[in-house]
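**Student:** Prediction below, plus the sequence it came from.
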Amino acid sequence: MLTDRQELVLRKVVDDYLEGGAPVGSKSVAADVRWGPSTIRHELACLEELGLLAHPHTSAGRVPTEAGYRYFVDRLLPRDDARPPLALSLVRRELDEAMRVTTETLSQVTDLLAIVTAPPIETSTIRHIEVLPLQPQVLMVVVITSTGGVTKRLFTFADSIDAGLADWAASYLNERLVGLGLGARMVQQRLHDLSLSSTELRFLAALEPVFTDLEETSHASLYVEGTSHLLQSDRWGEVSELNALMDMLERRVALLAVLRSALSERDVLVRIGAENATPALRSVALVAAGYGLPQRRLGTVSVIGPLRMNYGRAIGSVREAAAALSSFVAELYDER
């Protein structure tokens, strides 16, 4: 535990470094305190010994370490951040649009990479189904869910498709599956209704994957915005660090696994540098929060950026976006 004086010095160093990006010297600290130069130098040295500040060889000033950032976030970050509100309006939007608007707004406000995961498709119920012949041997099945999500799948048959059979399938599926959850056992049972003819059963069996095989649609649940902010940022130490992050963005499954850790947090999750278990994230800071229903978290809101980020703005904006999405999805699920 630091003394009040040490906390004041640490806060000054972190604030100045976040704003200017240059190592902070004792003269800069002296501008806001009444202590003598020797006292300030002593406190800077103590903070360095505690591992909260580092002393780059290229400058006489200090910079925060990952431990210093952690202490700042946990104990020194002002709770009454005077940042502007997120101004996020999701009223009367479909799920896909709401996710995109949230991601874009969050990236713009924080000047960071923003990532939002949508509720898993298996948490939705079926609202409407279309069976659309496109070519003699090709048709498309479109499934619209209760949350506004749309799943499309093309099916190719060896023989020409009977238009009457396709029309029957559309009517049957809407009558029997609307209101059921995608992937639910009841969906499979109704697709295997033994009262149907063998021709009808074979046709439904061919279409079954669009209702039961949900893994292939999981990539669509991740929304990313703000890579340009990272590319233009002057806060990266090594180009290789940025390249590793960009590579992880391409491997969305791995990123989704990382973000799921925020679902169990009661508030905002902040991981700084080496606190991230994933190697590609060990040179960045992650701020994330879960959103959803009172009894169940359905997705995450997050920002990723360099260690020298505005933590107050990032944490406050992520918290606000998560609250807005929670209200949004609660209304959608109530409409079921």
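**Tutor:** Received it, and whenever you're ready, just let me know what you need.
**Student:** And stretch 77-94, end to end?
**Tutor:** Across stretch 77-94, the terminal residues are separated by 36 Å (C-alpha to C-alpha, to the nearest Å).
**Student:** same question, stretch 192-204
**Tutor:** From its first residue to its last, stretch 192-204 covers 8 Å (C-alpha to C-alpha).
**Student:** Contacts for it, please.
**Tutor:** Under the contact criterion C-beta atoms under 8 Å, 6 or more residues apart in numbering, stretch 192-204 has outside partners 165, 168-169, 172-173, 176, 191, 205. (C-beta placed from N, C-alpha, C; glycine too.)
**Student:** looking at those residues, which has the most residues close by?
**Tutor:** Each of the contacts of stretch 192-204 was scored by neighbours using other C-beta atoms under 10 Å; the highest score is Leu173's, at 24 neighbours.
**Student:** Tabulate the contacts of stretch 192-204 in a markdown table, adding columns for distance to Leu134 and pLDDT.
**Tutor:** Output for these, formatted as a markdown table (distance: C-beta to C-beta, whole Å; pLDDT from 0 to 100):
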| residue | distance to Leu134 | pLDDT |
| --- | --- | --- |
| Leu165 | 15 | 95 |
| Trp168 | 18 | 95 |
| Ala169 | 15 | 95 |
| Tyr172 | 20 | 95 |
| Leu173 | 17 | 95 |
| Arg176 | 24 | 92 |
| Leu191 | 22 | 88 |
| Ala205 | 20 | 93 |
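**Student:** so of those residues, which ones are in helices?
**Tutor:** Among the contacts of stretch 192-204, the members falling in helices are 165, 168-169, 172-173, 176, 191, 205 (criterion: DSSP state H).
**Student:** Between those residues, which sits nearest Ala274?
**Tutor:** Here the nearest of the ones in helices among the contacts of stretch 192-204 to Ala274, counting by C-beta to C-beta, is Leu191; it sits at 49.2 Å.
**Student:** Could you give the number of residues near the residue lying closest to that closest one once chain neighbours are set aside?
**Tutor:** Excluding its sequence neighbours, the residue lying closest to Leu191 (C-beta to C-beta, 6 or more residues apart in numbering) is Leu204, at 4.9 Å. For Leu204, the count of nearby residues is 21 (other C-beta under 10 Å).
**Student:** likewise the one 4 residues further on?
**Tutor:** Using other C-beta under 10 Å, Glu208 has 13 other residues around it.
**Student:** Let me know whether it touches Gln188 as I believe.
**Tutor:** Yes - Glu208 lies in contact with Gln188 (C-beta atoms under 8 Å); the separation is 7.4 Å.
**Student:** buried ones in the longest helix along the chain?
**Tutor:** Under DSSP H, the helix in the chain containing the largest number of residues is helix 311-334. Across helix 311-334, burial judged by 16 or more other C-beta atoms under 10 Å covers 311-322, 324-326, 328-329, 332-333.
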